[in-house]
Every structure is written in structure tokens, then in C-alpha cells.
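No sequence on hand, only this structure:
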Ligand code: IDP
Ligand code: MG
């Protein structure tokens, strides 16, 4: 089964959006296999966003991500990387479609509430930054036989 890394950023946690975001993903049929609230140290922010280290927005991004606890999660499902990105919506909430998390719950690219891995390779790398193999729980959703053909 495919896996992806999803992180509710500190604005999402502080605004009380953890429950509604998890509900959207659960209702879609995705399976939550790991979750923890965590304050990211600078080293893990740099690893998480390594492709953006040299960008002009990186210092602001780092301060934002370190401003409070994040909700770190691993989700499972067929095609989950793309499905999670679709549920999350475009990076800039001004362009994110209504019905998406960023389209419905955010206004500003610098406070866009949530992160989702952009490819299966990124997902594997990002899961490894924040979780160890034994953090990932193996269980069956009781509706699994209804979710897939
Ligand atoms: P993504 O989160 O949709 O994958 P990326 O381009 O990978 O988008 O950017 C990572 C994060 O960096 C964004 O989610 C956002 O928090 C932040 N970011 C990207 N571009 C800007 C910008 O122009 N200004 C401020 N923050 C930005
Ligand atoms: Mg990205």
C-alpha cells in the first residue's frame, strides 16, 4: 500500500483545524498509520524543506514551521500521494480550488495550513525524517472491502 507524509503546520494546529483535516482524509477512505504532535527542531525543518534552503522565503518558512507544534502524520492508500495533494490543493490558497483544504481553510501562501509530500520518493524520504519504522502501525480499517474494487 502507498504511503505519504502529511503535516498540519503550526497555524492549522493553533486554529483548531486538526480534527477537521483528519476527518477529511479519513472520510476519503485513507488510513492513518502514524501521528504525533511535535515541535520541529531547525535540523528537521532544513531536511524537510531541503529543496527550498536557498529560496528567499526560506527564513520566513523556517520561523513559521518552528512557531508552534505541528501534527505529523503518515497516511496509507492506493495512490495516496496524489490523492492527498488533491485534497490539500494548490500551494497558494488564493489559487486553491474551493473544496480543498487550502481552498476552504487558508488565505495566504505563507500560512497555508498543511504540507503533503509531492511524490512517492519524497514521501519515503520525509516519513524517514520524522518517524521510525516501528512508529508505523499495521491494522485494518473495517470498511477496507468497501473502499476498493
Ligand atoms: P507545497 O507545500 O505545495 O509543496 P512548495 O513550493 O514545496 O509548496 O513550498 C513549500 C512551502 O513553502 C509552502 O507550502 C509554503 O508554506 C512555503 N512557500 C512557498 N512559496 C512561498 C512564498 O512565495 N512565500 C512564502 N512562503 C512560501
Ligand atoms: Mg513541496
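Good, I have the coordinates. What you see is a predicted model; the values in this text were computed from it and never measured. Numbering: from 1, shown residues only. Ligands and ions are numbered 1, 2, ... in the order given.

make it CA atoms for all contacts and neighbour counts henceforth
Will do.

Mind jotting down where the helices sit in this protein?
Using DSSP state H, the helices of the chain run over 10-14, 18-28, 42-48, 58-65, 80-88, 101-105, 120-130, 144-147.

what does the least confident helix or strand in the chain by mean pLDDT rub up against?
Ranked by mean pLDDT, DSSP states H and E, the weakest helix or strand in the chain is helix 144-147, scoring a mean of 95. The contact list for helix 144-147 (Cα atoms under 8 Å, 6 or more residues apart in numbering) reads residue 29.

What is the distance between it and the centre of its chain?
Counting by Cα atoms, centre = their mean, to the nearest Å, helix 144-147 is centred 23 Å from the centre of its parent chain.

The nearest residue to residue 88 once chain neighbours are set aside and residue 52, how far apart?
Spatially, and ignoring its direct neighbours in sequence, residue 88 is nearest to residue 101 (4.8 Å; Cα to Cα, 6 or more residues apart in numbering). Per Cα to Cα, to the nearest Å, residue 101 is found 23 Å from residue 52.
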